[in-house]
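Chemist: sequence first, then the predicted structure, then my questions.
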Amino acid sequence: MNFAPQADPRQQIIADLNAQIAQYLATGQRVQNIPPGVSGEVPFTAIGNHPKNLKLRRDKHEPRVRELAAAGNTASAIATAIGIDSRTVRRIAKEHAITLTEPT
């Protein structure tokens, strides 16, 4: 067995960070002081329009869901007829106050 002491991984990480900082400063860059409470993190709304796009897609199905629900169809029957998931049908119904028939 080799019982030679191994380098502390924490010290290696610190040395690497110090080398990167020295390289950054050597290129003429400056360190910025960021005030407390300010973050460089991107706000949650920066995920784009994905939720809005999903809502628009659901809204396109609303007239057909309303029509099939008025005919007495269940959420799963409506989903099969339209070609979407039954959870999406339930969400559309909830968003547009549509009453769905419960399965028997």
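Modeler: Everything's here; your move.
Chemist: after the helix or strand hosting residue 21 comes which helix or strand?
Modeler: According to DSSP states H and E, residue 21 maps onto helix 9-26. Helices and strands here follow DSSP H and E; after helix 9-26, the next one along the chain is helix 50-70.
Chemist: and the next helix or strand after that following helix, what's buried?
Modeler: For helix 50-70, the following helix or strand on the C-terminal side (DSSP H and E) is helix 75-82. Neighbour-count burial for helix 75-82, counted by 16 or more other CB atoms under 10 Å, picks out 75, 77, 78, 79. In this view, the C-beta of every residue, glycine as well, is placed from N, C-alpha and C.
Chemist: distance check, the nearest residue to the second one once chain neighbours are set aside against residue 80.
Modeler: Closest residue to residue 77 in three dimensions, ignoring its sequence neighbours and counting by CB to CB, 6 or more residues apart in numbering: residue 68, at 7.3 Å. Plainly put, residue 68 is 10 Å away from residue 80 if you go by CB to CB, to the nearest Å.
Chemist: export the helix-or-strand element of the chain with minimal mean pLDDT to PDB, keeping only CA atoms.
Modeler: In the chain, no helix or strand scores lower on mean pLDDT, DSSP states H and E than helix 50-70, which sits at a mean of 91. Extracted C-alpha coordinates of helix 50-70, given in PDB (Å, rounded to 0.1, in the frame of the first residue of the first chain):
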ATOM      1  CA  HIS A  50     -43.900  28.800 -22.300                       C
ATOM      2  CA  PRO A  51     -46.800  29.000 -19.700                       C
ATOM      3  CA  LYS A  52     -48.500  31.600 -21.900                       C
ATOM      4  CA  ASN A  53     -48.100  29.400 -25.000                       C
ATOM      5  CA  LEU A  54     -49.700  26.400 -23.100                       C
ATOM      6  CA  LYS A  55     -52.600  28.600 -22.100                       C
ATOM      7  CA  LEU A  56     -53.100  29.800 -25.700                       C
ATOM      8  CA  ARG A  57     -53.200  26.100 -26.800                       C
ATOM      9  CA  ARG A  58     -55.700  25.300 -24.100                       C
ATOM     10  CA  ASP A  59     -57.900  28.300 -25.000                       C
ATOM     11  CA  LYS A  60     -58.000  27.000 -28.600                       C
ATOM     12  CA  HIS A  61     -59.700  23.800 -27.400                       C
ATOM     13  CA  GLU A  62     -62.200  25.600 -25.100                       C
ATOM     14  CA  PRO A  63     -65.100  25.900 -27.600                       C
ATOM     15  CA  ARG A  64     -64.900  22.200 -28.400                       C
ATOM     16  CA  VAL A  65     -64.600  21.200 -24.800                       C
ATOM     17  CA  ARG A  66     -67.600  23.400 -23.900                       C
ATOM     18  CA  GLU A  67     -69.600  21.800 -26.700                       C
ATOM     19  CA  LEU A  68     -68.800  18.200 -25.800                       C
ATOM     20  CA  ALA A  69     -69.300  18.900 -22.100                       C
ATOM     21  CA  ALA A  70     -72.800  20.300 -22.800                       C
END
